[in-house]
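Engineer: how would this look folded up:
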Amino acid sequence: MQSNAKAQSLINEALTHQQSGRIARAATLYESVRRKFPACFEAWCFGGAAAIQLNKPVEATILLNQAVRLNPRAGMAYMFLGTAEMQIGARNEAEQHLQQATHLNPKDAGVWLQLAQCLLLSGDVDKTWSAYQRCVTLNPNCADAWTGMGSLRHLQARATEAIELHTHALSLNPQHPLALAARAQSYQLRGQTTKALADYTAHLAKQPDDIDTLSQRLMLLHYLPNLSAEELFAEHRAFGENVRRAGKKPAVFSSGDPDKKLRVAFLSPDLRNHSVAFFLEPLLRHLDKSQFEIILYHNHPSVDAISDRLRSHAILWRNFVGQAADPVETAIRADAPDVIFDLAGHTGFNRLALFARRLAPVQITYLGYPNTTGLDTMDYRFTDELADPAGKSDTLNTEKLVRFSSVAWTYEAPPTAPEVNALPADTVGHVTFGCFNSLAKLNTPTLQLWALLLEAIPGARLVLKTLGLSPEIFTENLLAAGLDPQRVDLLPPAPNVIEHLRCYGRIDIALDPFPYHGTTTTCEALWMGVPVITLSGDRHSSRVGVSLLHAVGHHELIANTNTDYIAIAKNLATDTTRLRELRQQLRADMIASPLMDYPGQAARFGDAIRTCWRNFCGQQK
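Structural biologist: I've put the predicted structure just below:
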């Protein structure tokens, strides 16, 4: 009895420390109890919870497995165990143990919350929603569950619902650590960049060192038309400094053989049905396998047929979604890549904080983000000479720019893409302009320029198509920019890629937004025979169209001023003969361009990787 009393006294003391935020002290006390009283369930269970709080999920699983052995009816221990297993990537085991916790404690809202968060990472929408609903039924004031439901709706591109759910979470807990930043992402998806920026600002005022939100905000800044390239670079440099101060000291690697077969890893949340995968796959397929071994690291709940195709080109595939940073770092170091690519930049689900620790001797960013990462540990950024002209561009990147080809992209159209149709203007009797870019790119200056364009061409119409395009909300934007909503058609999302491509059959001329150009949408339009008019700018995001149009041999579609933009559009709109020629010619121009020279682009890409590796070997010597 005296022993039990002593153990309980120490447990109570540890719990007091744990509840007051002194987690390390609590963990030390729990360890002391385990040594003296190895059968004390609480020491293993609460010690495991403390290990989770200390970002030691592997240690936590060891402690919690012993806890459930000591007390197989303790739902709380299963809940903690499932939480730890989520962090090390053991999602099947995590779901099994969290389901067990709900059976043992079916009226515990916290257990249902943890199960929902596990299911969210598995991509099972219906089960995730159901678990969140059970949580809020048991505890209607659980802000974590309401914002979790908001994040689920965001992943489904249901931004309006997501915003409502995050707002409700904030009404329950105005100090919620995630809801403001999560709502900002949904505002961004709905094109409301001013509201998104306000939420990011408010969140960071409370949590200035939140690396994930700092990163998400950088992505948003690209959509703001009045931010200079120098100001944008300063924001990225500040992010890099924040990560450097908060993170571990970068690893140091010894020299290697400059001619060895290289293990090249790619880390991305977009190894799935996503534009990044479409540009990446031709390179992976044609990269010289006698010189390179490919490793793919995915970081997203969605895994699909595209993921399977990409996986077929790799010697190793891992999905790190939901895993804590330390286990991911351990796994990558064990795989020992020589070169690792970041394909996300500051887009969602990125792992830039890990790149700050230096995961491989050579680190390169490419494809997924139109700017520098801001990290001094990111060695190179792959681009081309038109998207990032030599000179000023080099001073606005923390990485060394590698212009590995005349164009930085390799486009592959879906094999089942529709054939190019006849010119719509010949059927409807007027020219139709169109833009299928994301809502956040359709800023006021862009819409104002398009208003002037429609004014200059009586009878012309504009077709817009993108996710989250709500007539109730976007009509206000059109009116504010001077665009007559009666001359604008808003199309809903298409059910699949093929139907999406068919929508290009409705437009004669595509309009590129600015300062953030399209990439996938430009390639799609050209493939479907639709010329794209772009406005050249002073940074990568406003020069993508320049690079793509030069690649296919149509620099005449590039404007340097607003006046040029309208003049090019007006000349094309009044020359239906030229429009018919372009409609039949553009697909062939793409096929003949470097964009679709898959073996050539892969060879240039591989040569650039090899050069970067040899540079590392030379520096080490």
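Engineer: Contacts for the lowest-mean-pLDDT helix or strand in the chain, please.
Structural biologist: In the chain, no helix or strand scores lower on mean pLDDT, DSSP states H and E than helix 2-19, which sits at a mean of 84. Helix 2-19 is contacted from outside by 23, 25-26, 29-30, 32-33, 36-37, 40, 42-43, 46, 49-50, 53, using CB atoms under 8 Å, 6 or more residues apart in numbering. From N, CA and C alone the C-beta is placed, and that goes for glycine too.
Engineer: which among these end up buried?
Structural biologist: Buried residues within the contacts of helix 2-19, counting neighbours by 16 or more other CB atoms under 10 Å: 23, 25-26, 29-30, 33, 37, 40, 42-43, 46, 49-50.
Engineer: quick one on the thing from earlier: the helix or strand following the least confident helix or strand of the chain relative to helix 2-19, how many degrees between them?
Structural biologist: Sequence-wise, the next helix or strand downstream of helix 2-19 (DSSP states H and E) is helix 23-36. Interaxial angle, helix 23-36 versus helix 2-19 (axes from the mean of the first three to the mean of the last three CA atoms, to 10 degrees): 160 degrees.
Engineer: what's helix 23-36 packed up against?
Structural biologist: When contacts are defined as 3 or more CB pairs under 8 Å, 6 or more residues apart in numbering; DSSP states H and E, helix 23-36 sits against helix 2-19, helix 41-53.
Engineer: how about a cut-off of 10 Å?
Structural biologist: Packing partners of helix 23-36 (3 or more CB pairs under 10 Å, 6 or more residues apart in numbering; DSSP states H and E): helix 2-19, helix 41-53, helix 57-70.
Engineer: From W112, how far out is the nearest residue to A51 once chain neighbours are set aside?
Structural biologist: Leaving aside its sequence neighbours, A51 sits nearest to A60 (CB to CB, 6 or more residues apart in numbering; 3.7 Å). Separation of A60 from W112 (CB to CB, to the nearest Å): 21 Å.
Engineer: For those two, indicate the residue with more neighbours.
Structural biologist: The neighbour comparison of A60 against W112 (other CB atoms under 10 Å) goes to W112, with 28 against 25.
Engineer: Please report the distance of that one from Q99.
Structural biologist: The gap separating W112 from Q99 is 11 Å, by CB to CB.
Engineer: what's the overlap in contacts for those two?
Structural biologist: Common contacts of W112 and Q99 (CB atoms under 10 Å, 6 or more residues apart in numbering): A131.
Engineer: Just give me the neighbour total for A305.
Structural biologist: By other CB under 10 Å, neighbour count at A305 equals 9.
Engineer: Ramachandran angles for the residue nearest to it when sequence neighbours are not counted?
Structural biologist: Among residues not flanking A305 along the chain, N273 sits closest, at 7.7 Å (CB to CB, 6+ apart). As for N273, its main-chain torsions (degrees, to the nearest 10) stand at phi -70, psi 80.
Engineer: what about N273, how many neighbours?
Structural biologist: Each residue near N273 was counted by other CB under 10 Å, and the total is 15.
Engineer: Over to the one 10 residues further on?
Structural biologist: Neighbour count for L283, taken as other CB under 10 Å: 23.
Engineer: Verify the stated contact: it with Y598.
Structural biologist: Yes - L283 is within contact range of Y598, at 7.7 Å (criterion: CB atoms under 10 Å).
Engineer: what do the two both touch?
Structural biologist: In contact with both L283 and Y598: T410, E412, using CB under 10 Å, 6+ apart.
Engineer: Tell me which residues touch V125, please.
Structural biologist: L119, L152, R153, L155, Q156, P301 are the contacts of V125 under CB under 10 Å, 6+ apart.
Engineer: Looking at those residues, state which has the most neighbours.
Structural biologist: L119 (25 neighbours).
Engineer: So it: helix, strand or coil?
Structural biologist: helix (DSSP: H, G, I helix; E, B strand; the rest coil).
Engineer: who touches it in this structure?
Structural biologist: Applying CB under 10 Å, 6+ apart, we find L119 in contact with 91, 94-95, 98-99, 125-132, 152, 301.
Engineer: What of C503?
Structural biologist: Neighbouring residues of C503 by CB under 10 Å, 6+ apart: P418, G434, F436, V463, K465, L491, P492, P493, A494, E524, M528.
Engineer: Tell me the buried residues within these.
Structural biologist: G434, F436, V463, K465, E524, M528.
Engineer: what sits against the residue nearest to Q585 when sequence neighbours are not counted?
Structural biologist: Leaving aside its sequence neighbours, Q585 sits nearest to G529 (CB to CB, 6+ apart; 7.9 Å). Residues near G529 by CB under 10 Å, 6+ apart: 419-423, 504-505, 508, 579-580, 582-588, 590.
Engineer: Can you select the buried ones among the residues you listed for me in ChimeraX?
Structural biologist: In ChimeraX, a selection of the buried entries from the contacts of G529 looks like this (16+ other CB under 10 Å):
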select :420,423,504,505,508,579,580,582,583,585,586,587,590
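Engineer: Sort out which of the contacts of G529 are in helices and list them.
Structural biologist: Secondary structure defined by DSSP state H assigns L579, R580, L582, R583, Q584, Q585, L586, R587, A588, M590 of the contacts of G529 to helices.
Engineer: could you dump these to CSV with pLDDT and distance to A603?
Structural biologist: Below are these laid out as CSV (pLDDT from 0 to 100; distance: CB to CB, whole Å):
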residue, pLDDT, distance to A603
L579, 98, 36
R580, 97, 36
L582, 98, 30
R583, 98, 32
Q584, 97, 31
Q585, 97, 27
L586, 98, 26
R587, 98, 24
A588, 98, 23
M590, 98, 19
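Engineer: Serialize these to JSON lines and add fields for distance to Q185.
Structural biologist: Shown next, in JSON lines, are these (distance: CB to CB, whole Å):
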{"residue": "L579", "distance to Q185": "39"}
{"residue": "R580", "distance to Q185": "43"}
{"residue": "L582", "distance to Q185": "38"}
{"residue": "R583", "distance to Q185": "38"}
{"residue": "Q584", "distance to Q185": "41"}
{"residue": "Q585", "distance to Q185": "40"}
{"residue": "L586", "distance to Q185": "35"}
{"residue": "R587", "distance to Q185": "36"}
{"residue": "A588", "distance to Q185": "40"}
{"residue": "M590", "distance to Q185": "33"}
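Engineer: list the buried ones in the least confident helix or strand of the chain?
Structural biologist: Across helix 2-19, burial judged by 16+ other CB under 10 Å covers A7, L10, I11, A14, L15, H17, Q18.
Engineer: got it, and stretch 57-76?
Structural biologist: 57, 59-61, 63-68, 70, 74-76.
Engineer: what separates stretch 270-286 from the chain centre, distance-wise?
Structural biologist: 14 Å (CA atoms, centre = their mean, to the nearest Å).
Engineer: Repeat that for stretch 376-393.
Structural biologist: The chain centre lies 21 Å from the centre of stretch 376-393; the measure is CA atoms, centre = their mean.
Engineer: re earlier: want to throw the buried residues of stretch 57-76 into TSV with distance to I306 and pLDDT?
Structural biologist: Formatted as TSV, these follow (distance: CB to CB, whole Å; pLDDT from 0 to 100):
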residue	distance to I306	pLDDT
P57	30	93
E59	36	95
A60	34	95
T61	32	96
L63	39	96
L64	36	96
N65	36	96
Q66	41	96
A67	41	96
V68	38	95
L70	45	95
A74	42	93
G75	39	93
M76	40	94
